[in-house]
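Participant: only geometry, no sequence info:
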DNA sequence: GCCAGATTAAATGTCAGACATTAAAATGCC
DNA sequence: GGCATTTTAATGTCTGACATTTAATCTGGC
């Protein structure tokens, strides 16, 4: 394993980078055991705490896992789709919330990606996927549902659409786009009428997928996107109006 | 900040999770300074090395940055699109290489996502994007280019297509899909004839985008996908044949 | 000979205290 | 007032020790 020259960065960051390169480059393969912390400390000529900090960095990225006990140690971790999902959702959510990404931009990206899944999903969706979508549509029609529950159901519905494409890579890629939108969607207050409209559009999508009609699925998704953006826009203008009224009152 | 009950997990993992929740939940905002390591150690009733391990976990995810000196400390980091790109590329690459994702599945996902960008890119691509694409097409036509260089140019070309959509969220999402494919693409040996065919298809795509013709862009991408998969398939069958011949020889 | 329980060994997890290094702020001199 | 110096508060690193976990080994009894 390579050593580190004198750099400005932390030793632990350099060591983590060196080990990461070995994993990404394929020199260290899945389930292979790394040298013990003491051996690594010896090799890199640093103390054990420094090595530990490096290993924790790698553990945070799910690149390694550690096991205690006699045959324990740090092992190269097989990165699983589920673990990657979680990281993606967190990262995407933070990107949206920290970078002032507008609702329109996020919404456009989300529906563009979903439309990418539509043709495949129209071909491959199983009865299970359709059943999930129908169940969520039914839930969305129930009165007394909170806005948060409505949005959560919406996410489940769209996840079923995406998973229907039967491509794990696509599902992984879209997990972030769909779920990261949820906090933004939660800002919308769904009236009874708007819920009804969304349920109708969802029904259109489910029908189109059931009929394996890719073009109709695409069209319905486009309609849903337009309606979602319209709703968000009305929320923004309503708030602006309220703020202006308040300002007028105090002035 | 909340405390941790007696759990089976590492203290450093629990502390990292607690702080992460505060950041994701918005209690800690961008550029806000966390308490010093000593204060955190005091608060969580652990030692400073344990706190440091927790902070390194967060640093590995670009959630915080640290600064030395009198006014130093750990600060909530604004997650930048560029940082997120890198993480995404690494994660996506590892997912593909560690989970035996087939070329076909990865390829299908990649082109489905690119087609999602096509309509937007047809509208919004700037002269800069077109110039980049033309330049890469020219490079790809040069003789004496290594397969790796050809693939790298291919990535740049497709990145320009994606960026042409003018949606940062889309660009971020697709960085992983496009770049993670590169190692798989590198396994293909591009003959002079296949390079010529790809250059022609790339030219079709650039022409369609220049003409702002979304349908033609989509069609060209579909052709390119089919051709890419055909190439990969021939590599696989050629290898299988070679292996069989060798086996026959030794037997 | 074989099995159950006790022991051992090797690894990670945690702690305490110290020193090194950095960079900003306070201080003092002119 | 401006510049050099000192102070200070923070992270970065080291040493050494102890705690805990877990599998392998040893031991004793049947």
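Facilitator: Done, it's in. In this text, all values refer to a predicted model and were calculated from it rather than measured experimentally.
Participant: same for the helix or strand containing residue A:245, what does it pack against?
Facilitator: Assigned by DSSP states H and E, residue A:245 falls within helix A:214-250. Secondary-structure packing of helix A:214-250 (3 or more Cβ pairs under 8 Å, 6 or more residues apart in numbering or on different chains; DSSP states H and E): helix A:103-124, helix A:192-210. Quick note: C-beta positions are derived from backbone N, CA and C, even for glycine.
Participant: and the residue of the stretch 151-251 of chain A found nearest DNA strand C, how many residues sit next to it?
Facilitator: Here the residue of the stretch 151-251 of chain A nearest DNA strand C is residue A:172; by Cβ to the nearest atom of the strand that distance is 27.3 Å. When counting by other Cβ atoms under 10 Å in any protein chain shown, one arrives at 23 neighbours for residue A:172.
Participant: Contacts only, for it.
Facilitator: Contact analysis of residue A:172 by Cβ atoms under 8 Å, 6 or more residues apart in numbering or on different chains lists A:81, A:84, A:85, A:88, B:92, B:95.
Participant: shaky segments in the stretch 101-250 of chain A?
Facilitator: A:247-250 (pLDDT under 70).
Participant: if we go to 80?
Facilitator: The stretch 101-250 of chain A contains residues with pLDDT under 80 at A:188-190, A:192, A:235-236, A:238-250.
Participant: where's the residue of the stretch 151-251 of chain A closest to DNA strand C, which helix or strand?
Facilitator: helix A:168-180.
Participant: Now do the buried residues in the helix holding residue A:245.
Facilitator: Buried residues in helix A:214-250, counted by 16 or more other Cβ atoms under 10 Å in any protein chain shown: A:214, A:216, A:217, A:218, A:219, A:220, A:221, A:224, A:225, A:228, A:231, A:232.
Participant: Can you lay out these as CSV showing distance to DNA strand D?
Facilitator: Shown next, in CSV, are these (distance: Cβ to the nearest atom of the strand, whole Å):
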residue, distance to DNA strand D
A:214, 50
A:216, 54
A:217, 49
A:218, 50
A:219, 54
A:220, 51
A:221, 47
A:224, 47
A:225, 44
A:228, 43
A:231, 44
A:232, 40
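Participant: show me the contacts for residue A:208.
Facilitator: Here residue A:208 is in contact with A:122, A:214, A:216, A:217, A:219, A:220 (criterion: Cβ under 8 Å, 6+ apart).
Participant: Apply 6 Å and report the result again.
Facilitator: For residue A:208, the contacting residues are A:216, A:217, A:220, by Cβ atoms under 6 Å, 6 or more residues apart in numbering or on different chains.
Participant: Residue A:139 and residue A:153 touch, don't they?
Facilitator: Yes. The criterion here is Cβ atoms under 6 Å, and residue A:139 meets it with residue A:153 at 5.0 Å.
Participant: that older thread, what's the angle between the helix holding residue A:245 and helix A:192-210?
Facilitator: Between helix A:214-250 and helix A:192-210, the angle formed by their directions is 160 degrees, by axes from the mean of the first three to the mean of the last three Cα atoms, to 10 degrees.
Participant: Tell me, how many residues neighbour residue A:30?
Facilitator: For residue A:30, using other Cβ under 10 Å, the count is 15.
Participant: next one: residue A:71
Facilitator: Neighbours around residue A:71, by other Cβ under 10 Å: 7.
Participant: Can you pull the phi/psi pair for it?
Facilitator: The phi and psi values for residue A:71, taken as degrees, to the nearest 10, are phi -100, psi 20.
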